[in-house]
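Q: I'll drop the sequence and a predicted model, then ask my questions.
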Amino acid sequence: MIPSSDMKATLRTRLRAELKSLAATDRVSASAELCARVRACAAWQSARAVLLFFPVASEPDIAPLLDDAMADGKLLALPRFDAATAAYEPVQITNPARELVVGPFQVREPVVGCPAVALNRLDLALVPGLGFDARGGRLGRGKGHYDRLLAGFTGLKIGVAFDCQIVPAVPREPHDIALDAVVTPTRWIEAKAD
């Protein structure tokens, strides 16, 4: 039997290649459709405090949702890497244009000085990844940062993906955190239990 870590590495390679092959115009239109789908979701509309992320080039561009959250009066948090604990923590921002800097993993994150937010204050998290399945499986980038971040999170966990990132099955290990749903430009996938 192939170890789960080897299966994950193979799937990561394949999905990175697929993401790289997406045309820029397709990426822009798909991101806009995905954001519209999130905005229409009752869970988004009712959430008072959200954990979002600033996308890297290969991810759907959900940056407009940061502004939407602020305009809607939601508490907005993004992950910030804490070198002392070697882990990400949710941190509140009030001005995305001024309060985001490039962090240690080349991802934009809140500046030092923005206050940490307790996980139990957050209603909903939009979660990045390389691949997702209909059972709530998520394939991250391989360091386990989001699994550790979400380990104590009790709100709604929603994966964010282009359609090409949905796969039949993501290999799972005991530490992998399952998502409640995945949103793509064309569909909303509620996680089905095994």
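A: Yep, it's here.
Q: Just want the most central residue of this structure.
A: Val127 (1.8 Å; Cα atoms, centre = their mean).
Q: What's opposite the spatially closest residue to it that is not a sequence neighbour in the beta bridge?
A: Excluding the flanking residues, the one nearest Val127 by Cβ to Cβ, 6 or more residues apart in numbering is Gly159, at 5.1 Å. (Each C-beta comes from the backbone N, C-alpha and C, glycine too.) Beta-bridge partners for Gly159, by DSSP bridges, are Val127, Val182.
Q: you'd agree Gly159 is up against Ala178?
A: No: counting by Cβ atoms under 8 Å, Gly159 sits too far from Ala178 to count as a contact (10.0 Å).
Q: out of the two, which sits in the busier spot?
A: Gly159 (28 against 16; other Cβ atoms under 10 Å).
Q: Report pLDDT for that one.
A: Predicted confidence (pLDDT) for Gly159: 97.
Q: returning to what we had before: list the contacts for the residue nearest to Val127?
A: Val127, Pro128, Gly129, Phe132, Gly136, Arg138, Leu179, Ala181, Val182, Val183 (Cβ atoms under 8 Å, 6 or more residues apart in numbering).
Q: Show the pLDDT at Pro3.
A: The model's pLDDT for Pro3 equals 54.
Q: same check, this time on Ala193
A: Reading off the model, Ala193 has pLDDT 67.
Q: And for Glu173?
A: 86.
Q: burial of it, as a residue count?
A: Glu173: 11 neighbours (other Cβ under 10 Å).
Q: next one: the one 3 residues further on
A: When neighbours are counted by other Cβ under 10 Å, Asp176 registers 20.
Q: For the nearest residue to Phe54 once chain neighbours are set aside, give me its contacts.
A: Computed as Cβ to Cβ, 6+ apart, the closest residue to Phe54 that is not its neighbour in sequence is Arg108, at 3.9 Å. By Cβ under 8 Å, 6+ apart, Arg108 lies in contact with Phe54, Leu100, Val101, Val102.
Q: would you list those residues in TSV and tack on secondary structure and distance to Gly144?
A: As requested, the contacts of Arg108 are exported to TSV (DSSP: H, G, I helix; E, B strand; the rest coil; distance: Cβ to Cβ, whole Å):
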residue	secondary structure	distance to Gly144
Phe54	coil	20
Leu100	strand	23
Val101	strand	23
Val102	strand	21
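Q: how much space is there between the residue nearest to Glu99 when sequence neighbours are not counted and Pro79?
A: Using Cβ to Cβ, 6+ apart and skipping residues adjacent in sequence, the residue nearest Glu99 is Ile93, 4.4 Å away. For Ile93, the distance to Pro79 (Cβ to Cβ, to the nearest Å) stands at 11 Å.
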